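K.L.:
Here is a sequence with its predicted model. Questions after.
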Amino acid sequence: MGTEQKPKIVFVLGAPGAGKGTQCEKIVEHFGFTHLSAGDLLREERKREGSEFGALIEDNIKNGRIVPVEITCSLLENAINATKASTGNDKFLIDGFPRNEDNLQGWNRQMGDKVRLLFVLFFECTEEQCIARCLKRGESSGRSDDNPESLKKRFNTYINDTMPIVDHYRAQDLVKTIDAVAAPDEVFDKVRCAFADVE
């Protein structure tokens, strides 16, 4: 890398429906970050003609399982490099990742030395509220996983797999927790404080 600055990363975690996407849009607008959603990158790759990973991604998503970390890290790394090359932006929100211990280990192996993690933005929200939001989103999103059965599975996966990651970073004093129950603008007021010291 030489003297070149490492890309600055903020991980954005929270339950399905905690409002990560909505808040990420606002952070992009106000703080000039590039938003990378691990889920969106996987969904795009799944649809891409001739993708070597497509069928594997499809199978994992449909069954509520997490896609192998090497695939996700490669897609994220490609997106970071492409963005830096085309726009020069070196600040990235990575939304919905790392989701489990395997993601964390894989990221540290593949990307840990190539980036600078600023902090983890964690949106806290009740299960009831998250599920209600997702079902409402499902009416218009066309996402195959916004239905009660998938959501229950996704929420369990989140509690069992993602919460230990939040705790891991919390132990390193890298987590900024946002109460995501309020209306989006109120939530963003708290988010704004979290980013106040980001150069």
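P.N.:
Looks like it came in fine.

K.L.:
Give me the three-state assignment for residue 10.
P.N.:
Classification of residue 10 using DSSP: H, G, I helix; E, B strand; the rest coil returns strand.

K.L.:
Burial check on it, number of neighbours?
P.N.:
Residue 10 has 23 neighbouring residues, counting by other Cβ atoms under 10 Å. Placement of C-beta: from N, CA and C, glycine included.

K.L.:
same question, residue 193
P.N.:
So residue 193, with other Cβ under 10 Å, has 11 neighbours.

K.L.:
Where does pLDDT dip in the protein?
P.N.:
1-4, 199 (pLDDT under 70).

K.L.:
same thing but at 50, please
P.N.:
1-3 (pLDDT under 50).

K.L.:
Centroid-nearest residue for it?
P.N.:
residue 95 (1.7 Å; Cα atoms, centre = their mean).

K.L.:
Show me the beta-bridge partners of that residue.
P.N.:
Beta bridges link residue 95 to residue 12, residue 37 when assigned by DSSP bridges.

K.L.:
hang on, it packs against residue 34?
P.N.:
No: judged on Cβ atoms under 8 Å, residue 95 makes no contact with residue 34 at a distance of 11.0 Å.

K.L.:
mind listing the strands for this protein?
P.N.:
Counting by DSSP state E, the chain has strands at residues 8-14, 34-37, 91-95, 116-124, 175-179.
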